[in-house]
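Undergrad: Fold the following and give me the result.
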Amino acid sequence: MTETPRGWCVTPSTGIPTIAFGNQKGGTGKTTATINSAAALATRDHDVLAIDMDPQADMTKGLGLGPGDDNDPASPKNELPNTLVTDDENLLDVLVDNPRTHDTSLSEIVIEADEYDHLNFDLIPSHKDMGLARDWMDDANARLSLKLALEEMVDDGYNYDFIVVDCPPDLSVLTDAAFIAAQNVFLAAQTQATSRDALDDLWDQLESIEDNQQIEIAIVGLLANMYRDDGQSQKFLNSFDESFASMAPIFKLPMRVAIQRAWDNGRDIFGWEDANDQQVERDLFLEVAETMERAFDKTQVEA
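TA: Sure, this is the predicted structure:
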């Protein structure tokens, strides 16, 4: 990876600013960052598409389009469909050329925001079949599948201000496909040693992709999640700062309940209201959105 000035980014082949949110370690806040960054961009009047590349489907579930909540009959999730189990065409069909898949394009499986009152942006959900992707995407061309599908989607007339991609918590072919398509990566990490080690592995993977694909990949930002005001968090924040501050801003998200409660109710932090104050989280993700605008030389859309 080449070190670049803060705010630097890559415009991918579609011409649409695209950001893949990644960390090979689970539980780092990667999906939280994806959902709420997309919502912040939408709040600033951008047309946003979010893509859930993770077979675990945490983003799809976090937006209420997975299983309902059997333990809470009043949960808003119970009123929404479970898109993970549909027999309709799904993301795996787009990414894989296999006798058991349909010939499908991304534009055919987009869930548009106006289909559901609680969505602030368009969504391509994950699906239960995505667990087969690692076995079926077994050649070098498979890593180009999302890139080619996004190019086709733009040719079909879909044009977004931003696209965000939630990657699996690993360094699989799905993650590679997301990084190649986006060419911009937003990192999410907890301020602890295991998360730092995972970022080092991710860094090596990005360098390998750059070399093999002959492309550039930019780091757009890093979310230091569940930050505590203590010595350990500060130690690892200093380490992050030494490694990444020359390339992109670092955002600190403290441990707070509002994010989890929004998630539990299938909402992003901008669409969820309860007795807890959500302003800290909203302000942080609005700052993330503004940074992405600067990185891609875009401005807030005037209403």
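Undergrad: what about P76, neighbour count?
TA: Using other Cβ atoms under 10 Å as the criterion, P76 is surrounded by 17 other residues. To be clear about C-beta, it is placed using only N, CA and C from the backbone, and glycine gets the same treatment.
Undergrad: give me the element I219 is part of.
TA: strand 218-227 (DSSP states H and E).
Undergrad: Show me what that strand is packed up against.
TA: helix 30-43, strand 184-190, helix 231-244, strand 250-254, helix 279-295 (3 or more Cβ pairs under 8 Å, 6 or more residues apart in numbering; DSSP states H and E).
Undergrad: Apply 10 Å and report the result again.
TA: strand 18-22, helix 30-43, strand 184-190, helix 193-213, helix 231-244, strand 250-254, helix 279-295 (3 or more Cβ pairs under 10 Å, 6 or more residues apart in numbering; DSSP states H and E).
Undergrad: Okay, angle between the longest one and strand 218-227 too, please.
TA: Between the direction of helix 193-213 and that of strand 218-227, the angle (axes from the mean of the first three to the mean of the last three Cα atoms, to 10 degrees) works out to 170 degrees.
Undergrad: Now do the strand holding I219: distance to the chain's middle.
TA: 12 Å (Cα atoms, centre = their mean, to the nearest Å).
Undergrad: just stretch 150-168 next, same as before
TA: The answer for stretch 150-168 is 13 Å, by Cα atoms, centre = their mean.
Undergrad: so where's the stretch 151-300 of the chain shaky on pLDDT?
TA: 191-198, 226-233, 240-241, 243-246, 255-256, 275-276, 300 (pLDDT under 70).
Undergrad: try it again with 80
TA: 189-200, 225-248, 254-257, 274-277, 298-300 (pLDDT under 80).
Undergrad: again with the stretch 1-150 of the chain
TA: The model of the stretch 1-150 of the chain has pLDDT under 80 over residues 1-8, 23-29, 99, 138-140.
Undergrad: quick one: the helices in it?
TA: Ranges of helices in the stretch 1-150 of the chain, per DSSP state H, counting those that start in this stretch, are 30-43, 58-62, 91-95, 133-136, 145-155.
Undergrad: Tell me which residues touch the closest residue to E281 other than its chain neighbours, please.
TA: Take E281 and drop its neighbours on the chain: the residue closest to it by Cβ to Cβ, 6 or more residues apart in numbering is I269, 4.7 Å away. Contacts for I269 were tallied using Cβ atoms under 10 Å, 6 or more residues apart in numbering; they are 32, 35-36, 39-40, 43, 256, 258-259, 261-263, 278-282, 284-285.
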